[in-house]
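Undergrad: Give me a 3D structure for the following:
(chains A, B, C and D, ligands or ions: 6)
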Amino acid sequence: METVTLQDYKTSEKSWWCPGCGDFGVLAALQKTLVKLGIPPHRVAIVAGIGCSGKMGNYINSYNIHVVHGRTLPSALGVKLANRDLLVIAAGGDGDGFAIGMNHFVHAVRRNIGVKYIVMDNHIYGLTKGQNSPTSDHGQKVKAAPFGNVESPVRPLSLALTAGATYVAQGFSSNQAQLARLIEGAIAHPGFAFVNVLSPCVTYNKVNTYDFYKQMLHDLDEDPDYQPDSRGGAIAAVLEREELVTGLIYHDPGSVAYEDALPGFAEQPLAGRDITLGQEDFLELLASYR
Amino acid sequence: METVTLQDYKTSEKSWWCPGCGDFGVLAALQKTLVKLGIPPHRVAIVAGIGCSGKMGNYINSYNIHVVHGRTLPSALGVKLANRDLLVIAAGGDGDGFAIGMNHFVHAVRRNIGVKYIVMDNHIYGLTKGQNSPTSDHGQKVKAAPFGNVESPVRPLSLALTAGATYVAQGFSSNQAQLARLIEGAIAHPGFAFVNVLSPCVTYNKVNTYDFYKQMLHDLDEDPDYQPDSRGGAIAAVLEREELVTGLIYHDPGSVAYEDALPGFAEQPLAGRDITLGQEDFLELLASYR
Amino acid sequence: MPKSLAWMIGGDQGEGIDATGDVFGRVLSRLGYCIYGYRHFSSRIKGGHTNFTVRIAADRVLAPQANVEVLVALTQETIDRNGHLLLSGAPLLADSQLKPVLPDGCEARLVEIPLTQIAREVGAAVVRNMVAVGGSAALFGLPLDAFEAYAREKFERKGETVALQNVEALRRGHAFIEELGLRGRFSLPAPRPRERYLMTGNDSLALGTLAAGCRIMAAYPITPATDIMENLAGLFPRFGGAVCQMEDELAAITLVIGANYAGARAMTATSGPGFSLMQEGIGLASMAEIPAVVVDTQRVGPSTGMPTKNEQSDLLAAVFGGHGEGQRIVIAPGTAVQAFEDGFEAFNLADRYQCPVIVLSDLALAQWLQSVENLPLGGHAIDRGAIVAQEELDRLTGEFERYRLTEDGISPRALPGMPKGQFLATGVEHASSGKVSEAPQNRISQMEKRSRKLDALRARAGAIETSRMDHAEVAIVCFGSIVGAVDEAVELLRQEGVRAGRVQVRQLWPMPDIPLATALGGAAKVLVAEQNATGEMRQLMRIAGLEDDRYRSLVHFDGTLLTPGRVVAAVQELSVKEGV
Amino acid sequence: MPKSLAWMIGGDQGEGIDATGDVFGRVLSRLGYCIYGYRHFSSRIKGGHTNFTVRIAADRVLAPQANVEVLVALTQETIDRNGHLLLSGAPLLADSQLKPVLPDGCEARLVEIPLTQIAREVGAAVVRNMVAVGGSAALFGLPLDAFEAYAREKFERKGETVALQNVEALRRGHAFIEELGLRGRFSLPAPRPRERYLMTGNDSLALGTLAAGCRIMAAYPITPATDIMENLAGLFPRFGGAVCQMEDELAAITLVIGANYAGARAMTATSGPGFSLMQEGIGLASMAEIPAVVVDTQRVGPSTGMPTKNEQSDLLAAVFGGHGEGQRIVIAPGTAVQAFEDGFEAFNLADRYQCPVIVLSDLALAQWLQSVENLPLGGHAIDRGAIVAQEELDRLTGEFERYRLTEDGISPRALPGMPKGQFLATGVEHASSGKVSEAPQNRISQMEKRSRKLDALRARAGAIETSRMDHAEVAIVCFGSIVGAVDEAVELLRQEGVRAGRVQVRQLWPMPDIPLATALGGAAKVLVAEQNATGEMRQLMRIAGLEDDRYRSLVHFDGTLLTPGRVVAAVQELSVKEGV
Ligand SMILES: Cc1ncc(C[n+]2csc(CCOP(=O)(O)OP(=O)(O)O)c2C)c(N)n1
Ligand SMILES: Cc1ncc(C[n+]2csc(CCOP(=O)(O)OP(=O)(O)O)c2C)c(N)n1
Ligand code: SF4
Ligand code: SF4
Ligand SMILES: [Mg+2]
Ligand SMILES: [Mg+2]
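TA: Ligands and ions are numbered 1, 2, ... in the order given. Just a heads-up that it's a prediction; the model follows:
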């Protein structure tokens, strides 16, 4: 373990979110965890989506790729496959992940790709100035829905569980200690780890505020009756509480990551391997076309 | 109710599926149901995806629109909003619906759009000649995965239930009577009705065959212990049996369709309405820009 | 060129800069002036510099001014960034609290005004900007009561106290400047009062689509197109329609196709990234001959680019972006009035030609305020194109032939719900019945039929609009929002004795080569001005055979608004180097 | 033109027609002939007509033949559809069981042969087609043992019985024809045996990418590109790589971008509809300067079009399809050998220029069998382009400057995992550090830097390939698979005394205007031949200034393969009408 300091993870760019934005808390928890684990910045690749949340990577001095809206997870899989020694963290918003990116979310989950996915779920589209997101409450009024949201929200936790997720957790950006612990668990997990973070948008979301969450959230980590080891139990628990929970919700200790399941896949990073094809191999392959 | 005969629903084109393909059964059940309900062909719009299954509409003499791969559900919503008097049926395959179209599936479900969605789920990509689909079993060997499928299948029924579906059923293309009943229930349901049909691909899928299903399927309609009225119970039931069930799985009698929830939305079909804007309305709107 | 003055207010994002600019512009508009109000901003919600400029004139202005007469600064950053825009001695109103400092070389006159302090005294820190508005009104010698009336109207619903605080803030700011003896420091031209609206292209385009009978709008939010959705979300429910905020642009475009197929008028609006995602869907509309209106409000590309900056670089993608060869009509409004017209006309074109119509707007047109004087609803008639009559269907003995081969390529369609009109609409190649066909000869007939539909458009009236082109030596060809800068440049050039004229291409595809060739016939030089890097319209003109040694390009691609000065300079360079 | 003969087998889809064609072609190839094997098929799995033609010659043939010498008919539909392809008296071998009837006007000689019956006698109905192959071998006077050997080899793993049944079927078919006295009815040219492979463009392209060191392939199935994925799925695991079948094309392209960013060589392959969906992702690769190889195996568009028919109509979308203005390199192989080369070279170009490279293939190249004689691995060297050295990073005092402004526009990149090389890659406009910047001057510098990268490619060696161009009066310009038909047409024209030559454009974008202008300089007429409706390459040539009154277009867009005859006719028409 090298000595890594918080300074190593800082960039010359200051975080540009609105004062009070929940995303500050997520950034802090992530940086703290990386430092705690002593992972040097050059071994970390952050793949970020488009949105206020997607700027996350701009403020961490790791390798960063800021992709197109919604394609955070497939891009992250690409990074992981090219260099499986990297810690690959995908980060984005609820719009990025559960609207335009929902398809990839479900499929990344069922593939169990070795990527840690942190969603800053503010129940709103922040960067485009306050439209309802897929997690916005029914009835929420915004300029694009002046008579209120007619849609019912998607439930990211239960969706992930149903889709076969092997690590599902939910944090609250104000609860740094828990959030850091959940991220740490995600990093340790082989396979896809999903950490949904309730991260209030103080500018556009007047419903899902810090106060709201402080009142409503139930901490499963502190619940002596809850064990995060049964998929069915986890689904039932989050269904019952309408996903207003925090903590480690489910964890499959037998999880095998996609890259470990791929037949014949190199154990060393592809990026560093000799890629020339031998003449003998080539002729052998050609021979099959005789 | 007009007298409608099977003949009215036939086209000059014969169905072009491989002999024995499960989709024949789906076509037959659908046509029978439409006739039984006495719905005249011009009041039916079928929106079909791309795939063997997507050819469904080509063989029914209704209004048909055969769209681009995966966009079956949003197109169907468009048709429904333009003319809410139509019976709008979306039909496609498991690739169309759960691979490229998964995003729209989840969102159509949570919107509860007034569309009946029939998926011919053969656990394979038929039209492109036998690649694994998102519902293919783990380990299934095909040319594109010669060492076996490394992915775990998505579970359409539980996904739909978790996403908030108000009508979920699963049929088997050989069981015509049940399938017709489930489709009839779907048509009667206000809002989104999802009928997943296990429809064997006799050419490319050597695992999920008629025999396989005959052995494995559990008929919930015949199960006296099963009541399709609880979301949690339904999720648990399909989870337990790995979705190898048929029958009506869940039904929310209080369902309100998206088009009924839209504020101010016309009760008569938009397609027939006078769309000219009155001069007074226009001036009033302009005045707000002074 | 109209005599004009410009006022700018600058500060941090999220501090009401644009709202303040809006107030200032709107009152001036009511006082009888023509306004062009534009903003500099970043893709960031709070913090980061922003400024809003209100350009004021007696006649239409549709372009930025190079300098400003007054700058109101709420942060030191504003002074540093924009101080140089002030001519020597021009007033820079800065909040005293900043302890403002002029940057080196800035010769403005620093006027410290205790904005924050006055606001606090008035009882609400948020009215700070209104103090500045009051002071600005004094500088221009404007009647304060018009501002007061507007503030009362605007803040009424927030309660009596708020309204009064705002009025008081205006008064105190006004008094402060008056006391400094600066009242009437600038005199505006005489106002020319008449019925006038202050709106953006997004506003007027939304109105145009409503007027055209569009009742379904499906979209996914994206800057700078979102306002269209937000505008219509407020309007459509009142007229029985609906706005559907979709999960992505793939869903938006295909919803629109489904709705148009079933007989409604439906549209979507997006910007570059979303537009790229729609390419497959647009191809379906071409192939199945389904009307579809797509607004692409361009911003700087490629990829995410600069989402809050102006560019016109989606033109080639609008014309050629989909795989295979499908019919598309591309039109581009340049002013808010034209945005209304095109928002309306797009639906007529789509229904008449049964194909996708792309309305290429751009950020400047979409988001900047302009005075609109003439927006008549009359003169625009709804034309739904060829729809088969029910009687004709009733008379049919065989199947309805949806894609009948006709001379002009247009085949009447049936709408779902019409008895005996059933047919298959598909993105697969099909016979005239609609049924799938792979026969080579059928392929040729259907391809030719579809392509024939658009032939007449090459000569469509209204495809181009010219100004000052009689006896013009230099023709400046342009499209979109830069027409304002070009027009102003033409006036400046004329004042300098250069016989310049302007040709605005409003229909970009099919390229109206016939009217263009005629319009440009007499010019000695043709300058094709575009806000992009590769001269996209010029490339289309080349394809259409509009190319010879008279043609030159002016490209502008740094994201800023094209100024009249830049256009003038380009023409002057032509004259010097090539002696027009 | 090589003297050639063609053999066709036709029947229902799903009845092993293509497998049978493959056997016939492969044995002939082993016997020393050059083969071109092509199929007619529909987007349907079983049922529906299909046929497979094997064209046989002593020298390279890469185009269809207008007529066939022998037709094997397994259904009456085959006879009705294809009978007219036989010249008078040519043998039409039909299964007696059909009770075959010749259509009106068909002057073929009907040879009834009890295929089904013999097969049953042999003990397996499935060997029916092998009876026909045996009979066909007799017609051409070919040694049966070569067929027997191949059948043994092929059916070995299915067990002794199966192999024997096939051999017996071959023998019985051969004997039947012999008894009719038809043995040696056609004599083939003398074979020219050498090491030769029978492969499709998809096969060789896949090999090329493997040889280039590509180890990650992400795709979503689509005809006619799927074989590339299926080929690589068998190969990559052996070399430590992986094929990921993704949920859609949006995922495929962005996976590829992520993988290339992180230092692997990764690719995707698709066809039109999927290619349209990738436009946004391709723009990201342009903007963030990330290498990415995208194979677009074209088929008939727009929309779903005719998925099993040939067209070259995605060219303009390949060049201009994304919003905004990003760099793309577009190359197009025309033969299986070139598909290998381009599959390899695409990765070098992508790494060297740090941008997306689009390999435009087409259905005919992708799916039809051709003889390949020269596929050397040597001569191709892997070039990973500019990657910063670790020592250089170690020496850095400040941040690594990923997008440094360089003279040639190429800036060395760091790969994730390299200490001190951290940077931000983003689709947002950025400064040379990689950090987001909206400064106008930075925008200009970065846009110019990116565009500068491709300048040299306008003159790249290998961008065009010419044949028979010395003293050519008529130059035929083409790209993609139709080069085979054009070359054959050139020989035919030369035989008739027309001095024709061929220019194949292998790099379509940047358009190699410099070598093209030189190559075409001496021609009196230039015919631009393309398999699309709007002359897409011609349009690109116009943009590049390659247009004058010598240029004409030949467009072919009915989905069938372009024949040499059609090209000859077009040139003759030119000569007659315009007197070359
Ligand atoms: C293809 C595409 N469509 C739309 C957009 C515009 N856009 C940018 S961010 C965003 C959503 C932001 O919401 P979310 O992902 O929840 O992030 P937040 O800003 O709330 O953190 C949208 C719609 C885009 N960049 N690309
Ligand atoms: C954008 C796009 N990508 C890929 C394809 C190719 N394609 C056609 S059908 C199909 C999948 C078919 O599977 P499924 O939906 O399960 O239908 P089935 O044939 O099994 O009934 C695919 C991938 C396409 N038409 N469009
Ligand atoms: S708009 Fe909301 S999500 Fe975005 S930075 Fe501000 S508070 Fe955070
Ligand atoms: S390939 Fe499979 S799904 Fe397609 S028609 Fe044949 S049996 Fe049915
Ligand atoms: Mg959000
Ligand atoms: Mg399927």
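Undergrad: On the pLDDT front, check the residue in the stretch 301-450 of chain C that ligand 3 sits nearest to for me.
TA: Taking CB to the nearest ligand atom, ligand 3 has its nearest neighbour within the stretch 301-450 of chain C at residue C:307, 14.1 Å off. All C-beta atoms are positioned from the backbone trio N, CA, C, and that covers glycine. pLDDT for residue C:307: 97.
Undergrad: What segments of the stretch 251-400 of chain C are helices?
TA: Secondary structure of the stretch 251-400 of chain C (DSSP state H, counting those that start in this stretch): helices at C:272-277, C:279-288, C:315-320, C:336-353, C:363-367, C:390-395.
Undergrad: make that the stretch 1-150 of chain A, sorry
TA: All helices of the stretch 1-150 of chain A, identified by DSSP H, counting those that start in this stretch, fall at A:23-37, A:72-82, A:94-98, A:102-111.
Undergrad: In the stretch 1-150 of chain C, what residue comes closest to ligand 3?
TA: Using CB to the nearest ligand atom, the closest approach of the stretch 1-150 of chain C to ligand 3 is made by residue C:45 at 3.7 Å.
Undergrad: what about the strands in the stretch 1-150 of chain A?
TA: A:44-48, A:63-66, A:87-93, A:116-121, A:124-125, A:131-132 (DSSP state E, counting those that start in this stretch).
Undergrad: Tell me which of those sits nearest to chain B.
TA: Closest to chain B of the strands of the stretch 1-150 of chain A is strand A:131-132 (CB to the nearest CB; 11.9 Å).
Undergrad: hmm, back to that, can you put the strands of the stretch 1-150 of chain A in TSV and add distance to ligand 2, mean neighbour count and mean pLDDT?
TA: Output for the strands of the stretch 1-150 of chain A, formatted as TSV (distance: least, CB to the nearest ligand atom, whole Å; neighbours: other CB atoms under 10 Å in any protein chain shown; pLDDT from 0 to 100):
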stretch	distance to ligand 2	mean neighbour count	mean pLDDT
strand A:44-48	24	28	98
strand A:63-66	25	28	98
strand A:87-93	24	29	98
strand A:116-121	25	28	98
strand A:124-125	26	30	98
strand A:131-132	27	27	98
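Undergrad: among those strands, which is nearest chain D?
TA: Of all the strands of the stretch 1-150 of chain A, strand A:63-66 sits nearest to chain D, with 3.8 Å by CB to the nearest CB.
Undergrad: What pairs with that closest one, parallel or antiparallel?
TA: In the sheet, strand A:63-66 lines up against strand A:44-48 (parallel), strand D:424-426 (parallel) (DSSP bridges).
Undergrad: Run the contact check for the shortest one versus ligand 1.
TA: So that's strand D:424-426. No - under the criterion of CB under 6 Å from any ligand atom, ligand 1 is not reached by strand D:424-426; the shortest gap measures 12.1 Å.
Undergrad: sorry, back to before: dump the helices of the stretch 1-150 of chain A into a markdown table; add mean pLDDT and mean neighbour count as well.
TA: What follows is the helices of the stretch 1-150 of chain A, written out as a markdown table (pLDDT from 0 to 100; neighbours: other CB atoms under 10 Å in any protein chain shown):
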| stretch | mean pLDDT | mean neighbour count |
| --- | --- | --- |
| helix A:23-37 | 97 | 20 |
| helix A:72-82 | 98 | 32 |
| helix A:94-98 | 98 | 31 |
| helix A:102-111 | 98 | 27 |
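Undergrad: Show me the shaky parts of chain C.
TA: Low-confidence regions of chain C, defined by pLDDT under 70, span residues C:1-2, C:577, C:579-580.
Undergrad: Next one: the residue nearest in space to the middle of it from ligand 6, what distance?
TA: Taking CA atoms, centre = their mean, the centroid of chain C lies closest to residue C:365, which sits 2.3 Å from it. Plainly put, residue C:365 is 46 Å away from ligand 6 if you go by CB to the ion, to the nearest Å.
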